[in-house]
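Novice: Predicted model and sequence below, questions to follow.
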Amino acid sequence: MHFFKRRDHKQDINKIIALSICGTQGESHYSYGIAWDEQEGIDNITKCFLGDPNRTMALAFHRILLDIHEKGSAFSPLLSELSYFEKISSPYYPRHRDHVMHSCLVYCLGLYLYVSFPHLKEAIHQQILISSNETTSGELKHYSGGTIAGEFSFRWRLASLLHDVAYPFQMAHSRKMATESSEFLDHLNYIFNRMPKHQNRPVSISLNSENYIDELNNLPYSETLATDMIENALRLKPFGILYYSNRIRTLKDWVDHGIIGSLLICKLCDMLYEYHKLSGQTNIRGVSWADHFLKQSIAHSAGAVAYHNINHTLDVLSADECKALIQLNSTDLLTGLLRISDILQEWGRPLTDSSLKAQMIGANQVRLEPRPKDNMLRIYFETDDDHKDKVRRQLAAAGEFPLIIEIM
C-alpha cells in the first residue's frame, strides 16, 4: 500500500507504527496462536485502520482483535456502547475527546513499544514467568497461545482495548445525565443477560444507577476459587475494589472509569467461567476455561485497567493508600505499559464538537525516535510548551518504567 513508502516515514506516526507491528513472521507479536493466513488478515485490517483511522474502522478493528478468541469476543459489544454513549452525550461534553479510536491506537502504540525495545519486551516476559511460578521460556502449553509472547498478546489486547469502556459511568455520574445513563445501563443489562447461562444457575443482571458497583463486585464463581483471589490478583489489597470505588465516590463524588472497567471485565468473565464449569466444558475448540486463566490472565488484564488512571484520584486518598498504589503501579509492567501508552497517545482524537477540530493533534504532528541500544524513546510533539509540560508531568506521575522517554 502506498503509505508504506519510505519518504512518508516522518509524516504520519500511525504509518510508522504500522511498519513496526505488521508483517512480522516467525513470532506472532499480536496473535493468539492463530494460523499465518489469519495473521495476514489481521495485518491487513491493522494497515487499513492505521492508514486511515476513523471511528467505523476502529470499531471493526477492535471487534476483530477481540474476536480472535472466544473469551475476548464477550467484550466486543462494550466498545460499541462506549461509541454510542459518546455520541448521545455530545450536548453535555462539546470538548470531550474520543475514546474509541484512542483505545485502538493505545493498543498499537503499546505493541510498538513492545516490539521496538528488546529490554522492555524481556522484562515483560520475565514478569509473566515469575508471576506464574515458571522458570523457563519457550513453549508453555497452559499459556494463551502456547507462548509467553502469545500470553502477553492476550493480556495486552484485553487491557488496552478495554481500558476506557467504563468511561460512560464516569461521564454520566459527573454530569448527572439520568436519561442517557439509564439507557446505557439498559444496554449493559442486555449484554450481560444474553450471556450463556447454565440451567442450574439462570442468573439475571439488573444494573441501575444505585446498585451497579455492588452488582459488578458480586463475583460468585471467582470467590469459590479463593476468598481473596480477586483482591490478590488485581493487586488491590489492602483495601479491595469495592472499598476503593466507594471511597473515591464518597470523598470526591467521582466514579473512576478504570475501576468500573475492571469490574466489568471480571463480571463478564466470572459468568463465562461459571457457565463452562457447570456445563463441564473446560476445553472447547482449543480454548481452555481452566481456573488458572481466570486467576492469572484475566485478573492481570483487569488489574491493569483498574490502575491505568490512578493518578487522577490519588488526591482523595490517604498517604498510605497513595504509597501502596504508586508502588504497585511501578512494579507491574502491563499496568505501566498501559499507563505510558495512554499518556502518550495524544494524536488523532477528535472532539465531540466538530467545530473544534483545529484543536486536535494530528498524526503528522508527532514523531517517534526510538533508540533501542540506549533503551530510550524520544517523542517530538509539534505542539506548544504547555502541552509538552503536561505530558512530562503525567509521565513523571506514572511511576518507574524500564524505558527512558523524553518529550521533545
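Specialist: Yep, that arrived. Numbering: from 1, shown residues only.

Novice: Next, count neighbours for the closest residue to Ser73 other than its chain neighbours.
Specialist: Using Cβ to Cβ, 6 or more residues apart in numbering and skipping the chain neighbours, the partner closest in space to Ser73 is Asp67 (4.5 Å). (Glycine included, C-beta is placed from N, CA and C.) Using other Cβ atoms under 10 Å, Asp67 has 13 other residues around it.

Novice: Report the separation between Asp67 and Ser76.
Specialist: 6 Å (Cβ to Cβ, to the nearest Å).

Novice: Might one say that the residue nearest to Ser73 is in contact with Phe75?
Specialist: No. With contact defined as Cβ atoms under 8 Å, Asp67 does not reach Phe75; the gap is 9.6 Å.

Novice: hey, C-alpha coordinates of whichever helix in the chain runs longest in PDB?
Specialist: Secondary structure of the chain per DSSP state H: the longest helix is helix 257-278. Provided in PDB are the C-alpha atoms of helix 257-278 (Å, rounded to 0.1, in the frame of the first residue of the first chain):
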ATOM      1  CA  HIS A 257     -13.800   4.500  34.900                       C
ATOM      2  CA  GLY A 258     -10.700   2.400  35.400                       C
ATOM      3  CA  ILE A 259     -12.000   0.600  38.500                       C
ATOM      4  CA  ILE A 260     -15.500   0.200  37.000                       C
ATOM      5  CA  GLY A 261     -14.000  -1.100  33.800                       C
ATOM      6  CA  SER A 262     -12.000  -3.700  35.700                       C
ATOM      7  CA  LEU A 263     -15.200  -4.800  37.400                       C
ATOM      8  CA  LEU A 264     -17.000  -5.100  34.000                       C
ATOM      9  CA  ILE A 265     -14.200  -7.400  32.800                       C
ATOM     10  CA  CYS A 266     -14.300  -9.500  36.000                       C
ATOM     11  CA  LYS A 267     -18.100  -9.800  36.000                       C
ATOM     12  CA  LEU A 268     -18.300 -11.000  32.400                       C
ATOM     13  CA  CYS A 269     -15.500 -13.500  32.800                       C
ATOM     14  CA  ASP A 270     -17.000 -14.700  36.100                       C
ATOM     15  CA  MET A 271     -20.200 -15.500  34.300                       C
ATOM     16  CA  LEU A 272     -18.400 -17.200  31.400                       C
ATOM     17  CA  TYR A 273     -16.200 -19.300  33.600                       C
ATOM     18  CA  GLU A 274     -19.100 -20.400  35.800                       C
ATOM     19  CA  TYR A 275     -21.100 -21.400  32.800                       C
ATOM     20  CA  HIS A 276     -18.400 -23.500  31.300                       C
ATOM     21  CA  LYS A 277     -17.500 -25.200  34.600                       C
ATOM     22  CA  LEU A 278     -21.200 -26.000  35.300                       C
END
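
Novice: Identify each buried residue in that helix, please.
Specialist: Judged by neighbour count using 16 or more other Cβ atoms under 10 Å, the buried positions of helix 257-278 are 257-277.

Novice: model confidence over that helix, on average?
Specialist: The average pLDDT within helix 257-278 is 83.
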